[in-house]
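Visitor: sequence-free structure coming up:
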């Protein structure tokens, strides 16, 4: 495999995980993609549901979950156990040889516990290093790694890490070996000009137009971290970044948002 | 790697999983073992604890858990999530490059849902096929696979499979490529002549002496499936099978039970 081989990294979140039919449909699409591919999944609502069931209090600050020890245990069960293994088993049934990962597995993604500033996010990790050799070996065998949103600090501590970030950091780490395409799939058709109008998809966002959209406050605040991840990837030699429904993965004329440097 | 390379397959269960200090001590021992090695872990008591917490009723028949859909989801969270990832992260901290597996991951262990006879065990799978190629590739890279007690049917269904059986089936599958040593670690020093006397370890059990022990009802009933797994492995070219505390893995003069054909 070389720079001329395309590696697709696909991140799913939101409704694509929470709705089992949407997930099944996505996995059929993913399994049909030719060439090396990696799947990254977020957690969806199951973690919150299990938290309610076990009486664990969910603490959110600015839309971000505070990960205390009990919450970390819970998301490890839900993300790395329930969701990851359900996806892997379903991909196997579709003849897509998949293998589940946290960043601790194969020592693939090392992160650093976020320092306490005004907020203590708890066991949350910021990615420090991605080790691609084992993953590349598996990709060469036709195996698709499936990552959940957990990393480790190499000192025995698992850490909760944003799935969008895991996808972009994997994309950047592979950009020297592959032509990497990064896809963020969710239930919307792309980045919307009007958050209440699903038809208002912005088809292309360049770095320059992104700045304009930011200053005119067109972009919904929840999209900002995702878009920052996207441009961070493009700045580090990832060749293509797209946001939209899983349909964008197929050559079907679907509408979605493509991000480009220029 | 060839027939002259030794592959150690170590299964842990009971107190070695439930007690975090015992687990940490075991992992230090495991990480110090030279050469290719695979770890297989059971579930311990955490699954039952979480079941109580979520109000799930645990159904046991003859000491075996009945795995309905809710129980399968729960053990997938506990075995493949919590326990497996905790072990993998701790091994990484000990400089042992580990990678967690269910049988669905890499399509390594396919099983068949146990047919309903007098008892419906639910989502329980009997091992049908072990695929070693991906595992061998990882072992060659110095990576230690860590298996939990879950397999799949290749049709998208995860299945609960006895960890002792997973260990012996892995041992058998690798016996044509390696000289395989299989170790069952738990809190006892080995197979006891008197279940109330921890000092009554039977040091060697041959196939012939096993039959005598069975007919004289010396062996505690709970040990029977484990011992059957052991002799099944020896019958299929596994070179060595031992039962005892983790100390038996070290060259420290520990007392344990060795099983042999003759």
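Guide: On my side now, so go ahead. In this text the structure is predicted, and so the values were computed from the model without any measurement.

Visitor: Next one: the residue in the stretch 1-150 of chain A that chain B sits nearest to, what pLDDT does it get?
Guide: Residue nearest to chain B within the stretch 1-150 of chain A: residue A:81 (2.5 Å; CB to the nearest CB). All C-beta spots, glycine's among them, are computed from the backbone N, C-alpha and C. For residue A:81, the pLDDT comes out at 97.

Visitor: My read is that it contacts residue B:74, right?
Guide: No: using CB atoms under 8 Å, residue A:81 makes no contact with residue B:74, being 9.2 Å away.

Visitor: out of these two, which sits in the busier spot?
Guide: Ranked by neighbour count (other CB atoms under 10 Å in any protein chain shown), residue A:81 and residue B:74 place residue A:81 first, with 29 against 26.

Visitor: Name the SS class of the more buried one, please.
Guide: helix (DSSP: H, G, I helix; E, B strand; the rest coil).

Visitor: ok, for it, nearest residue in space, not its chain neighbours?
Guide: Excluding the flanking residues, the one nearest residue A:81 by CB to CB, 6 or more residues apart in numbering or on different chains is residue B:81, at 2.5 Å.

Visitor: tell me the contacts of residue A:258?
Guide: A:203, A:204, A:205, A:240, A:241, A:242 (CB atoms under 8 Å, 6 or more residues apart in numbering or on different chains).

Visitor: wait, doesn't the first one sit right on residue A:259?
Guide: No: using CB under 8 Å, residue A:203 and residue A:259 do not qualify as a contacting pair, with a distance of 10.5 Å.

Visitor: which one of these two has more residues nearby?
Guide: residue A:259 (25 against 12).

Visitor: Am I right that that one sits in a strand?
Guide: Yes: membership of residue A:259 in a strand is supported by three-state DSSP.

Visitor: For residue A:9, I want the exact helix or strand it lies within.
Guide: strand A:6-12 (DSSP states H and E).

Visitor: Tell me the spacing between whichever residue of the stretch 101-250 of chain A sits closest to chain B and residue B:90.
Guide: Using CB to the nearest CB, the closest approach of the stretch 101-250 of chain A to chain B is made by residue A:156 at 3.6 Å. In this view, residue A:156 and residue B:90 are 5 Å apart by CB to CB, to the nearest Å.

Visitor: Looking at these two, which one has more neighbours?
Guide: Between residue A:156 and residue B:90, residue B:90 has the larger neighbour count (other CB under 10 Å), namely 25 against 17.

Visitor: ok, residues contacting the helix or strand that contains residue A:129?
Guide: Here residue A:129 sits within strand A:125-130, counting by DSSP H and E. Applying CB under 8 Å, 6+ apart, the external contacts of strand A:125-130 come out as A:103, A:108-114, A:151-153, A:159-161, A:165-166, A:169-170, A:172-173.

Visitor: try stretch A:61-78
Guide: Counting by CB under 8 Å, 6+ apart, residues outside stretch A:61-78 touching it are A:43, A:46-47, A:50-51, A:54, A:56, A:58-60, A:102, A:119-124, A:149-150, A:158-160, A:222, B:50, B:77-78, B:81-82, B:85-86.

Visitor: Please repeat the previous calculation with a cut-off of 6 Å.
Guide: If you take CB atoms under 6 Å, 6 or more residues apart in numbering or on different chains as the criterion, stretch A:61-78 is touched by A:46-47, A:50-51, A:56, A:59, A:119, A:121-124, A:158, A:160, B:77, B:81-82, B:85.

Visitor: Show the buried residues in those residues.
Guide: By neighbour count, with 16 or more other CB atoms under 10 Å in any protein chain shown, these hold A:46-47, A:50-51, A:56, A:121-124, A:158, A:160, B:77, B:81-82, B:85 as buried.

Visitor: ok, back up a step: in strands, which of the contacts of strand A:125-130 appear?
Guide: Of the contacts of strand A:125-130, the ones assigned to strands by DSSP state E are A:109, A:110, A:111, A:112, A:113, A:151, A:152, A:159, A:160.

Visitor: Serialize those residues to TSV and add fields for distance to residue A:177 and pLDDT.
Guide: Listed next are the ones in strands among the contacts of strand A:125-130 as TSV, based on distance: CB to CB, whole Å; pLDDT from 0 to 100:
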residue	distance to residue A:177	pLDDT
A:109	16	98
A:110	19	98
A:111	22	98
A:112	25	97
A:113	29	96
A:151	21	98
A:152	23	98
A:159	26	98
A:160	28	95
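
Visitor: Neighbour-wise, give me the winner out of those.
Guide: residue A:151 (32 neighbours).

Visitor: who in the stretch 51-200 of chain A is up against chain B?
Guide: A:53-54, A:76-77, A:80-82, A:85, A:88-90, A:92-93, A:97, A:99-100, A:102, A:104-107, A:152, A:154-156, A:158 (CB under 6 Å from any CB of the partner chain).

Visitor: Can you list which of those residues are found in helices?
Guide: Among these, the members falling in helices (DSSP state H) are A:53, A:54, A:85, A:88, A:89, A:90, A:92, A:93.

Visitor: could you pull out the helices for chain A?
Guide: Under DSSP H, chain A gives helices at A:15-18, A:20-32, A:46-54, A:69-75, A:84-93, A:133-140, A:163-174, A:207-215, A:224-235.

Visitor: Determine which of these shows the lowest mean per-residue pLDDT.
Guide: Ranked by mean pLDDT, the helices of chain A bottom out at helix A:46-54, with a mean of 83.

Visitor: Compute the inter-axis angle for that helix and helix A:84-93.
Guide: Orientation of helix A:46-54 against helix A:84-93 (axes from the mean of the first three to the mean of the last three CA atoms, to 10 degrees) gives an angle of 130 degrees.

Visitor: list the helices and strands helix A:46-54 packs on?
Guide: In this structure, helix A:46-54 makes packing contacts with helix A:69-75, helix B:46-54, judged by 3 or more CB pairs under 6 Å, 6 or more residues apart in numbering or on different chains; DSSP states H and E.
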